[in-house]
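Novice: coordinates only, no sequence provided:
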Ligand code: ADP
């Protein structure tokens, strides 16, 4: 814009100056032509009156100026005298218009252009009383010659005009454009700029307000969206069709185990496993796709759904959930079912086989008692197993059922449990002892009794002959501590983490000899959890085991 104004001003100045020069030249030319004609007329008349008086002798003495040419012509057109050329050699002048006019009217004038001298000749002729003609010719410069004459000063003037107009134009154009350049587009001030721009600036101002409001709305809905997705425990990723992440909450980063990640990166920067890639590519194909990912700290379920817009996938919405617990529970459920089936099948097969042999008379009379004992002991194993399963499923159910609020005194309960186990302790040769203080808590007597029974039963079963079982009941602020320690075979370190699992037995061959279902410690764990307590174990193979149960006195509902 500055350039346009600049060149516009310069052009106008140059054209104006050129026009002025041409007009002035033309006027000067016009006036010089008139002056020359008047001069020729005056000179012709003066010379004519002189010749009238003095006759042709006038030319002998007259001092004729170099600027004019004087010619004496007779009435037939023959040249009698010429101030510049030899009259005899000159052609007849009767055809000259000024001569003809003077012969006719007494005076005549004409003007002619001479290309050779680039001058215009102005002629004036006066008829003398003797019929001869005095003609005076004067020259005056042609327009072209005059223009050429003023060319140098004109060019100089033009150069000066160019210089000054350039300076002025640059200043003027800058001054014109400055208020436009000074407009603050974000906050246009209508009064500070040209009034012609007011409607435009007003429109700009209202558009700015509209854009700011829309930006605020987008910003706040983005913030709201981020707030909502950040509070989710699940992961959420929104990606474009090139799988660059548009939005990703921290849940997704955490669940996929991504360290540093910024939006805009490829979704594979979050997780690069083959399973994840396949799942996303399937979804990009237009089908909802699901997969289970195994990450360092668990298992994740990934659901990728394509976002469709008229037959094309314009992005992906990926939902990630932590299914570690669910998967573990599912595994446990499957294992539990297969373990239960197995554990039930083994004694039943023995019972069936033994009973079948007895029924078919295939057993010798002296072995009948042994076979009967086998059936009894396998049936006992079956009953114990069923009892344990029932206890566990009761605990599972009671987890959801309303809690009993009885007061249970632990020392008396331990006494009762040890009393029930007196016989088996004696059979094994294990000495039992109970010490500590009387502590009452609010909870379920049946469940606490099962917890104590299983711990003490194990302490006898997995003890050595002549070993010891000690039960201690202690009271610390707000908590009761039950310690069950034995001097038995202990539990090897590598098994300690698993003994609370359902059906887990440390050494299957060793356990074969010692009756058990593998469910006792699961019952202990669930019973303690039911009372919002904790159980921990310390053991050393060959030296003994200590189970410590900590229970809150007031059981939380
Ligand atoms: P089980 O019916 O086999 O006793 P539990 O769930 O009660 O099942 O115990 C799981 C396993 O933990 C047992 O098979 C045993 O190997 C081990 N265990 C439990 N208590 C003791 C203990 N006091 N001393 C040594 N091993 C023990």
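Specialist: It's in. These figures come from a predicted structure and were not determined experimentally.

Novice: can you tell me the closest non-neighbouring residue to the closest residue to the ligand within the stretch 101-250 of the chain?
Specialist: Residue nearest to the ligand within the stretch 101-250 of the chain: residue 233 (33.0 Å; CB to the nearest ligand atom). Placement of C-beta: from N, CA and C, glycine included. Closest residue to residue 233 apart from its sequence neighbours, by CB to CB, 6 or more residues apart in numbering: residue 251 at 6.0 Å.

Novice: returning to that earlier point: quick one: the residue of the stretch 101-250 of the chain closest to the ligand is in a strand?
Specialist: No - going by DSSP: H, G, I helix; E, B strand; the rest coil, the assignment for residue 233 is coil, not a strand.

Novice: residue 304 is in what secondary structure piece?
Specialist: strand 298-309 (DSSP states H and E).

Novice: just name whatever secondary elements that strand is in contact with.
Specialist: With contacts defined as 3 or more CB pairs under 8 Å, 6 or more residues apart in numbering; DSSP states H and E, strand 298-309 has these neighbours: helix 274-284, strand 289-295, strand 312-322, helix 324-359.

Novice: partners of that strand, with directions?
Specialist: Sheet pairing of strand 298-309 (DSSP bridges) gives strand 289-295 (antiparallel), strand 312-322 (antiparallel).

Novice: winner for burial among those strands?
Specialist: strand 312-322 (a mean of 18; mean count of other CB atoms under 10 Å).

Novice: could you check the angle that one makes with helix 274-284?
Specialist: Comparing the axes of strand 312-322 and helix 274-284 via axes from the mean of the first three to the mean of the last three CA atoms, to 10 degrees yields an angle of 140 degrees.

Novice: contact partners of strand 312-322?
Specialist: Under the criterion CB atoms under 8 Å, 6 or more residues apart in numbering, residues 233-241, 243, 246, 251-252, 255-256, 267, 280, 283-286, 298-308 lie in contact with strand 312-322.

Novice: report the rounded mean pLDDT for it.
Specialist: Mean pLDDT, strand 312-322: 91.

Novice: number of residues surrounding the closest residue to residue 459 other than its chain neighbours?
Specialist: Excluding its sequence neighbours, the residue lying closest to residue 459 (CB to CB, 6+ apart) is residue 486, at 3.8 Å. Using other CB atoms under 10 Å, residue 486 has 27 neighbouring residues.

Novice: residue contacts, residue 486?
Specialist: Residue 486 makes contacts with 430, 458-460, 462-463, 467-470, 544-546, as judged by CB under 8 Å, 6+ apart.

Novice: show me the beta-bridge partners of it.
Specialist: For residue 486, the beta-bridge partners under DSSP bridges are residue 469, residue 545.

Novice: ok, now how distant is it from residue 507?
Specialist: 17 Å (CB to CB, to the nearest Å).

Novice: about what we covered before: ok, residues contacting the strand holding residue 304?
Specialist: Under CB under 8 Å, 6+ apart, the answer for strand 298-309 is 235, 255-256, 276, 279-280, 282-294, 313-324, 327.

Novice: ditto for stretch 540-552
Specialist: Outside stretch 540-552, the residues touching it (CB under 8 Å, 6+ apart) are 441, 443, 448, 451, 455, 459, 462, 467, 478-493, 524, 528, 531-539.

Novice: ok, 6 Å please
Specialist: For stretch 540-552, the surrounding residues in contact (CB atoms under 6 Å, 6 or more residues apart in numbering) are 441, 455, 479-488, 490-492, 528, 531-539.

Novice: report the buried members of those.
Specialist: Those of the contacts of stretch 540-552 that meet the buried threshold are 441, 455, 479-488, 490-491, 528, 531, 533, 535, 537, 539, by 16 or more other CB atoms under 10 Å.

Novice: phi and psi next, for the residue lying closest to residue 41 once chain neighbours are set aside.
Specialist: Closest residue to residue 41 apart from its sequence neighbours, by CB to CB, 6+ apart: residue 124 at 4.5 Å. Torsion angles at residue 124 (phi, psi; degrees, to the nearest 10) stand at phi -140, psi 130.

Novice: what pairs with residue 124 across the strands?
Specialist: In this structure, residue 124 bridges to residue 109, residue 136 when assessed by DSSP bridges.

Novice: quick check, it in contact with residue 136.
Specialist: Yes - assessed by CB atoms under 6 Å, residue 124 is found in contact with residue 136 at 5.4 Å.

Novice: show me the common contact partners of those two, please.
Specialist: With CB under 6 Å, 6+ apart, residue 124 and residue 136 have common neighbours 40, 44.

Novice: sorry, back to before: pipe the contacts of residue 486 into JSON lines and attach neighbour count, distance to the ligand and pLDDT per row.
Specialist: Listed next are these as JSON lines, based on neighbours: other CB atoms under 10 Å; distance: CB to the nearest ligand atom, whole Å; pLDDT from 0 to 100:
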{"residue": "430", "neighbour count": "23", "distance to the ligand": "11", "pLDDT": "97"}
{"residue": "458", "neighbour count": "23", "distance to the ligand": "3", "pLDDT": "96"}
{"residue": "459", "neighbour count": "27", "distance to the ligand": "5", "pLDDT": "97"}
{"residue": "460", "neighbour count": "22", "distance to the ligand": "9", "pLDDT": "96"}
{"residue": "462", "neighbour count": "22", "distance to the ligand": "3", "pLDDT": "94"}
{"residue": "463", "neighbour count": "23", "distance to the ligand": "7", "pLDDT": "95"}
{"residue": "467", "neighbour count": "19", "distance to the ligand": "10", "pLDDT": "96"}
{"residue": "468", "neighbour count": "16", "distance to the ligand": "12", "pLDDT": "97"}
{"residue": "469", "neighbour count": "26", "distance to the ligand": "9", "pLDDT": "97"}
{"residue": "470", "neighbour count": "18", "distance to the ligand": "12", "pLDDT": "98"}
{"residue": "544", "neighbour count": "23", "distance to the ligand": "7", "pLDDT": "96"}
{"residue": "545", "neighbour count": "24", "distance to the ligand": "4", "pLDDT": "97"}
{"residue": "546", "neighbour count": "17", "distance to the ligand": "9", "pLDDT": "98"}
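
Novice: quick one: the helices in the stretch 401-550 of the chain?
Specialist: 410-420, 422-428, 445-461, 493-496, 508-513, 520-530 (DSSP state H, counting those that start in this stretch).

Novice: list the buried residues in the fourth one.
Specialist: Burial within helix 493-496, assessed by neighbour count using 16+ other CB under 10 Å, is assigned to residue 496.

Novice: now for that helix, which elements pack on it?
Specialist: Applying 3 or more CB pairs under 6 Å, 6 or more residues apart in numbering; DSSP states H and E, one finds that helix 493-496 contacts no other helix or strand.

Novice: cutoff 10 Å now
Specialist: Under the contact definition 3 or more CB pairs under 10 Å, 6 or more residues apart in numbering; DSSP states H and E, helix 493-496 sits against strand 534-540.

Novice: the strand it packs on near the ligand at all?
Specialist: No - counting by CB under 6 Å from any ligand atom, the ligand is not contacted by strand 534-540; separation bottoms out at 6.6 Å.

Novice: and that strand, which strands flank it?
Specialist: Going by DSSP bridges, the partners of strand 534-540 are strand 544-552 (antiparallel).

Novice: so residue 343 makes contact with residue 382?
Specialist: Yes - in this structure, residue 343 is within contact of residue 382 by CB atoms under 10 Å, at 8.7 Å.

Novice: between these two, which contacts overlap?
Specialist: residue 517 (CB atoms under 10 Å, 6 or more residues apart in numbering).

Novice: for the record, mean pLDDT for the longest helix belonging to the chain?
Specialist: When the chain is parsed with DSSP state H, its longest helix is helix 2-54. The average pLDDT within helix 2-54 is 82.

Novice: next: stretch 94-108.
Specialist: Stretch 94-108 carries an average pLDDT of 90.
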